[in-house]
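Chemist: Please work out how this folds:
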Amino acid sequence: MASNNGAAAAGGGGYFLAMVGSAVWFWQQADGFWEHVGALLQALVWPAFLIYDVFEYLNT
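Modeler: A predicted model of the protein is given here:
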């Protein structure tokens with residue numbers, strides 16, 4: 001039995017790269033300690049909002 005996990009791995013890799021890129025972006029915009037903590041939290045959820053907007057755009 002062969003499994004088709006290649007597509008799942010590529011999707012996870014893209015999500016990871018988006019998360020790292022957004023972490024760098026938000027980190028550069030932050031000034032204080034708590035803003036840096038907030039930047040890391042934003043980086044965790046930002047790709048999910050991006051994917052949601054892409055799906056919403058594709059649905060129209």
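Chemist: From the structure, what's the count of residues near residue 22?
Modeler: 20 (other CB atoms under 10 Å). The C-beta positions use only the backbone N, C-alpha and C, and glycine is treated the same way.
Chemist: what secondary structure does it sit in?
Modeler: helix (DSSP: H, G, I helix; E, B strand; the rest coil).
Chemist: Is it in contact with residue 49, as I believe?
Modeler: No: Residue 22 lies out of contact with residue 49 (CB atoms under 8 Å); the separation is 9.8 Å.
Chemist: how close does residue 58 get to residue 51?
Modeler: 11 Å (CB to CB, to the nearest Å).
Chemist: if I look at the residue sitting nearest the centre point of the chain, how far off is residue 34?
Modeler: Per CA atoms, centre = their mean, the C-alpha nearest to the average position across the chain is that of residue 47, at 2.7 Å. In this structure, residue 47 and residue 34 are 22 Å apart, going by CB to CB.
Chemist: And for residue 44?
Modeler: 16 Å.
Chemist: In this protein, where's the longest helix?
Modeler: helix 33-59 (DSSP state H).
Chemist: Going by neighbour count, list what's buried in that one.
Modeler: In terms of neighbour count (16 or more other CB atoms under 10 Å), helix 33-59 has its buried residues at 39, 42-43, 46-47.
Chemist: Just name the closest of those to residue 12, please.
Modeler: Of all the buried residues of helix 33-59, the one with the least separation from residue 12 (CB to CB) is residue 47, at 10.9 Å.
Chemist: isn't that closest one right next to residue 23, touching?
Modeler: No: taking CB under 8 Å as the definition, residue 47 is not a contact partner of residue 23, at 10.2 Å.
Chemist: where does the protein dip in pLDDT?
Modeler: For the chain, residues meeting the criterion pLDDT under 70 lie at 1-11.
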